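A.B. asks: fold the following.
(chains A and B)
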Amino acid sequence: MEEKKYPRILTAGDGCVVAEFGDSIDMAINSRVAALGSAVAKLDIPGVLDAVPSYRSLAVYFDPVNTDVKRLYSRLGELCLKEDTAAGHERRRTIIVPTLYGGEWGPDMADVAAHTGFSPEEVISRHSGRDCYCYMLGFTPGFSYLGGMDPALETPRLKNPREVIPAGSVGIAAKQTGIYSIVSPGGWRLIGRTPMLIFDPNRDPAIFLEAGMWIRFRPIDKAEFDEIEAASKEGTYRPEILEEEEASS
Amino acid sequence: MSALVLECRLPGMLTTVQDSGRWGYQGKGMPVAGAMDLQSFRLGNILAGNDENDAALEATVLGPTLYVADGEGIAAVTGADLGFQVNGQAAPMWTALAVKAGDTLSFSGPRSGCRAYLCFSGGIDVPVVMESRSTYTRAKVGGLEGRALKKGDRVLCGEPRPLWKKCEGLVCPRELRAVYPPDAPLRVVPGPQEDLFTEKGKETFYGSDYAVSNSADRMGYRMDGPEIEHTGAADIISDAIPLGAVQVPGHGHPIVMLADRQTTGGYTKIGVVCSVDIAALSQRLPGQKVRFVKISLDEALPLVKEEQRKRDELRRLRAIWRSTPRSPAPVSDGGPGFPTAGEAILKVDGEEHRVSWEELQEVE
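C.D. replies: A predicted model of the protein is given here:
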């Protein structure tokens, strides 16, 4: 089979073009996606409607009537190869996700503890002790695809998915962890819940998470949960976001 | 004179508020939604004296019954023929009709197509959520409380745009209408993962008869028919799903992803249905035949421009229609903000002339 060369530009219909940087889930590849995304946003190219970063590619949506499509293709190709795009982003942004673990908020905590052989306290300290990287958002508004969970917490999905999972539920599915951003069905093992509304369409920003962010789960008690929940419902809660310069690799 | 207020007497099968979609948030996982048949939706808005992307109602198979509780305005119905009626009498589609308090708009039953657009002067006035009025029911966003219309809902229309009243009687000529032959093949631009299908798989896809399955909704249409062969696994590392993407999961049956599709997914995409044929597909019903034909991007782009030309032409005809004197109309105040159209009385040598003007979009 022919060896694929990256980055490559892929046609995705008459209103979308994809710049692909590789074929694996890899932070270096993903940071180039993020860098291209911000380059495209900064350029404000006429006709471009939307840009969707995912693990290893950026999809750029355009209005085919008002876009010079050939030029858009060639510009994307150039941007992919540009030095500052290739370097990726340098600022590390970490969003703190307050989480109440166990109990009715994390009904599968006992299963995860039994499967991993840890006490619930150990599960909590391992789950909150390591920052996770948000590769992309998708599936539902604000649903984050996270990488970097402590591999010792790996637990299979439920055999019978739940029909209703409350928004904010924090779960584990095999090697992944994630937060349900809206009420939805699902099969992840639930270990806790954040009272912070990841998604609130009537708020600006409607979605707190962004691709390329780091996520740090912070264990909280019921009193703090109630406090944050009340502020979230009023639309006044703002998450803590840490910004720091990342050592260049 | 006041803006239209509609009362929902019967909601129909699935009637939602839609505009041209919620763009700019897909990167955060927010689906676009919006009208499934954008061309019919936009032509309807032009007839109703609106901007082409103003919010309208999208009815599905069984249309709603709406009572005009207050106000007066223009109604134009486009898209599928669902048996449109005004006050119990068959009424013309693709036509700007004057409606007022006391009138009832209803549908006798589907004749052809799947989705009709009910466009009203002033557009449907629901809150703008994330820059759009489109309803996305799965996350309860937009439209009326994020859901389909239900009995008893009061649907408010916005202030009509200048010269709306003069649209009355305007008909969209047949050659400009969005009418899709039910057996025309859907044109597909290959990619982005065409390389993950075998030659045999591609031959199957472009050479076989498919039919719309019962799993067909605003999110996507799954096809019944021969299975498409992959070179290896059907799963990829999740990436963006463009409008019209033809996903082929492990079961080998193609799924065309439509307005309410999730923003990202992990199945191979053999190609993407052309923008203009997405509308054609969204007018088909379960059981109807579908064939796919491959075209290049260079062949696809002029098709979209042709749709734009038709809308520009209808806007031109609207301007002519509105400037043709018929019954005397009251002088408009030009509407809020910077007017794009208006009417004035000019006195030249002591003689009064009624002049109407409007700004037309540039035509290539």
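A.B. asks: how's chain B carved up into domains?
C.D. replies: Here the domain parsing of chain B from automatic domain parsing is B:5-176, B:186-300.
A.B. asks: is chain A contacted by the longest one?
C.D. replies: What it means is domain B:5-176. Yes - judged by Cβ under 8 Å from any Cβ of the partner chain, domain B:5-176 and chain A are in contact via B:23-32, B:129-130, B:138-139, B:141-142. Quick note: C-beta positions are derived from backbone N, CA and C, even for glycine.
A.B. asks: give the PyMOL command for selecting the buried subset of the residues you listed.
C.D. replies: Of the residues of domain B:5-176 next to chain A, the buried ones go into a single PyMOL selection, burial set by 16 or more other Cβ atoms under 10 Å in any protein chain shown:
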select buried, chain B and resi 23+24+25+26+27+28+29+30+31+32+129+130+138+139+141+142
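A.B. asks: how about TSV for the domains of chain B, with mean pLDDT added?
C.D. replies: Below are these laid out as TSV (pLDDT from 0 to 100):
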stretch	mean pLDDT
domain B:5-176	97
domain B:186-300	96
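A.B. asks: of those domains, flag the one that's most buried.
C.D. replies: Counting by mean count of other Cβ atoms under 10 Å in any protein chain shown, domain B:5-176 has the highest mean neighbour count of the domains of chain B, with a mean of 22.
A.B. asks: need the contact list for B:Val256.
C.D. replies: B:186, B:220-221, B:223, B:244-247, B:273, B:278, B:281 (Cβ atoms under 8 Å, 6 or more residues apart in numbering or on different chains).
A.B. asks: the top helix by length along chain A packs against which elements?
C.D. replies: Ranked by number of residues, the top helix in chain A under DSSP state H is helix A:27-43. Using 3 or more Cβ pairs under 8 Å, 6 or more residues apart in numbering or on different chains; DSSP states H and E, the elements in contact with helix A:27-43 are strand A:48-53, strand A:57-62, helix A:69-81, helix A:83-87, strand A:132-137.
A.B. asks: hmm, the second one in reach of chain B?
C.D. replies: Just to be clear, that refers to strand A:57-62. Yes - with Cβ under 8 Å from any Cβ as the criterion, chain B is reached by strand A:57-62 at A:57, A:59, A:61.
A.B. asks: what about the helices in the stretch 1-150 of chain B?
C.D. replies: B:38-47 (DSSP state H, counting those that start in this stretch).
A.B. asks: about what we covered before: tabulate the contacts of B:Val256 (JSON lines), appending distance to chain A and secondary structure.
C.D. replies: Below are those laid out as JSON lines (distance: Cβ to the nearest Cβ, whole Å; DSSP: H, G, I helix; E, B strand; the rest coil):
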{"residue": "B:Leu186", "distance to chain A": "12", "secondary structure": "strand"}
{"residue": "B:Gly220", "distance to chain A": "14", "secondary structure": "strand"}
{"residue": "B:Tyr221", "distance to chain A": "16", "secondary structure": "strand"}
{"residue": "B:Met223", "distance to chain A": "17", "secondary structure": "strand"}
{"residue": "B:Gly244", "distance to chain A": "6", "secondary structure": "coil"}
{"residue": "B:Ala245", "distance to chain A": "7", "secondary structure": "strand"}
{"residue": "B:Val246", "distance to chain A": "10", "secondary structure": "strand"}
{"residue": "B:Gln247", "distance to chain A": "12", "secondary structure": "strand"}
{"residue": "B:Val273", "distance to chain A": "7", "secondary structure": "strand"}
{"residue": "B:Ile278", "distance to chain A": "9", "secondary structure": "helix"}
{"residue": "B:Leu281", "distance to chain A": "13", "secondary structure": "helix"}
